[in-house]
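Undergrad: any chance you could fold what I've pasted below:
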Amino acid sequence: MEITEGRGLALARRPAPAVAGTQVAVDVAFCGICGSDLHMLGDEEFPVRSVLGHELAGVVAAVADGVRSVAVGDHVAVVPYESCGRCRYCAVGSENLCVDGGHFGSVLGVQRVGGLASTVVADEAALVRLPPGTTLEQGALAEPVAVARRAATKVTSATGDPVVVVGAGPIGVLVSLILRAEGFTDVTTVERNPARRDLASSLGVGTAEITTDAQLAELDAATFVDCTGAPVAVAAQVASVRRGGRVVLVGLGGPVSFDASDAILREVEIVGSAGYSRADFARAVELLASGALPTDDLITRVADVADAADAFADLRDPATHHIKVLLRHDPARGDHQR
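TA: Next up, the predicted model:
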């Protein structure tokens, strides 16, 4: 499934990829649609040079001679970025910030062929074997769960202090669920879309109806976790968080304008959360395997890859109720456990 000249999606044939060194070919079973995929497909200026899809799980189809950690037939989730393993960031477990890779380098679904292709190639170091009993559908959630898990670790307030998660898309809902699983007792998710807000409530996420940024500014929060990237919303959070509080930025957005003097005098901390490390990804797979997350309810639609254009259009609808949509390559690879 490739991007067409008119920024649409169409099925195309490609030769089967070869593997060498420590590379592995993975037959993709499921690939999730991320909000960034919607942006990349719709923005002609975005530098997508390959096939979309960075949330994926599948079955190992072929291994090169140097591969030792996985074998043909293994079920795996795939870390979509490469990292050098040598720089100062990799040395401390922040591979997402790698100077030669990470989210700034070669990523499946951006610079390299991603999960909307039936087969992808990745280094064995990028593969995490799925534990017994974990489905391939769950494996395709590992990437967004890893994003949410890293964001949740940025929340440093006491577990009883109020935390407000802004945005009930996939990442916002997952952040809220993970915080609750880790003992935070006062977590509220705010969302303007009533369909998504209702769905988040049905998953056990505490929600609040917020329709304006002025209402957002009235909330009492020791920590805000912004999963929208909306500049005005971020500014409202910086302006209203408690003294000594923290605003965690997860959603990608544009320039934000706020009163720096006010933030300084109130000792507001503003921190970014960029993707995930390899350890975050491995922990995400553990969370999925543990049953701590309601994965069956988080996956609100499974569509065949041939219907990808319709699935993308569904998610672009401002009134969409979907949390996570998966695209399925081959029904025979999914809906079963190891």
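
Undergrad: which phi and psi does the residue of the chain positioned farthest from its centre have?
TA: Distance from the C-alpha centroid of the chain, by CA atoms, centre = their mean, peaks at residue 265 (33.9 Å). Dihedral pair for residue 265: phi -70, psi -30, per degrees, to the nearest 10.

Undergrad: for the stretch 201-338 of the chain, just list every one of the helices.
TA: 213-217, 231-240, 260-265, 278-290, 295-298, 308-316 (DSSP state H, counting those that start in this stretch).

Undergrad: among those, which comes closest to residue 21?
TA: helix 278-290 (19.0 Å; CB to CB). All C-beta spots, glycine's among them, are computed from the backbone N, C-alpha and C.

Undergrad: for the record, mean pLDDT for the closest one?
TA: Regarding helix 278-290, the rounded mean pLDDT is 94.

Undergrad: start at 28 instead
TA: Yep, numbering from 28; the last one is helix 305-317 now.

Undergrad: list the helices and strands it packs on?
TA: Packing partners of helix 305-317 (3 or more CB pairs under 8 Å, 6 or more residues apart in numbering; DSSP states H and E): strand 154-156, helix 163-166, helix 169-180.

Undergrad: ok, which of those comes nearest residue 215?
TA: Counting by CB to CB, and looking across all of the helices and strands packed on helix 305-317, nearest comes helix 169-180 at 14.7 Å.

Undergrad: give me the next element, helix or strand, following that closest one.
TA: With elements assigned by DSSP states H and E, the helix or strand that comes after helix 169-180 is strand 190-193.

Undergrad: now that following strand: how far from the chain's centre is it?
TA: 17 Å (CA atoms, centre = their mean, to the nearest Å).

Undergrad: next: stretch 141-150.
TA: 17 Å.

Undergrad: go on, stretch 229-248?
TA: Distance, stretch centre to chain centre, for stretch 229-248: 22 Å (CA atoms, centre = their mean).

Undergrad: before we move on, what about stretch 150-157?
TA: That offset, for stretch 150-157, works out to 17 Å (CA atoms, centre = their mean).

Undergrad: and it, C-alpha only, in CSV?
TA: Provided in CSV are the C-alpha atoms of stretch 150-157 (Å, rounded to 0.1, in the frame of the first residue of the first chain):
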residue,chain,number,x,y,z
ASP,A,150,17.7,-5.4,12.5
GLU,A,151,17.2,-8.2,15.0
ALA,A,152,17.9,-5.7,17.8
ALA,A,153,14.6,-3.9,16.8
LEU,A,154,12.5,-7.0,17.4
VAL,A,155,10.8,-7.9,20.7
ARG,A,156,9.4,-11.4,20.9
LEU,A,157,5.8,-11.6,22.0
